[in-house]
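Participant: mind looking at a prediction? Sequence and model below.
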Amino acid sequence: MDMHNERCDPDVGRTAPLTRKEVLSLVPKVTGWEIRESKLRRLYRGENFEDCVIFLDDLTDLCNTQCHYPDISISKGRLIEVSWYTYASGGLTRNDFIMASKMNSSEKFNI
């Protein structure tokens with residue numbers, strides 16, 4: 001099954017973080033994402049701040065359906081950094097890669 005078709009495990013407290021080997025095997029499956037400071041990170045570039053607001057609104061909808069939420073920052077009025085990390089597990093989990101895959105598979109996040 002492709003990760004973008006999977007659902008996030010809502011009970012992240014019981015989910016152990018992925019091993020380094022597991023993380024390295026999953027990174028190539030989420031094109032455009034990288035590991036930085038132990039988080040799964042991607043930078044998006046909008047045309048303007050309004051693009052960023054629309055992007056965040058769409059991301060909010062996706063996150064609410066999966067009950068899994070990223071760290072987000074906006075800089076220079078058009079750059080959005082999305083970072084996935086499961087704090088309750090103390091590391092990256094499959095949920096983080098599922099969410100990155102869902103973002104990659106949706107036209108809404110192609111800015």
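Facilitator: That came in fine, so what should we check first?
Participant: thought Cys67 was touching Arg7?
Facilitator: No - using CB atoms under 8 Å as the test, Cys67 is too far from Arg7 to be in contact (9.4 Å). Heads up, the C-betas are built off the backbone N, CA and C, glycines and all.
Participant: would you mind measuring from the most centrally placed residue in the chain to Phe49?
Facilitator: For the chain, Ala100 is the residue whose C-alpha lies nearest the centre (CA atoms, centre = their mean; 3.9 Å). Note on Ala100: its distance to Phe49, by CB to CB, to the nearest Å, is 24 Å.
Participant: who touches whichever helix or strand Lys21 is part of?
Facilitator: Assigned by DSSP states H and E, Lys21 belongs to helix 20-26. With contact meaning CB atoms under 8 Å, 6 or more residues apart in numbering, helix 20-26 is reached by Leu18, Ile35, Leu92, Arg94, Phe97.
Participant: list only buried entries from those residues.
Facilitator: Buried by 16 or more other CB atoms under 10 Å: Leu18, Leu92, Arg94, Phe97, out of the contacts of helix 20-26.
Participant: keep only those of those that are in helices.
Facilitator: Arg94, Phe97 (DSSP state H).
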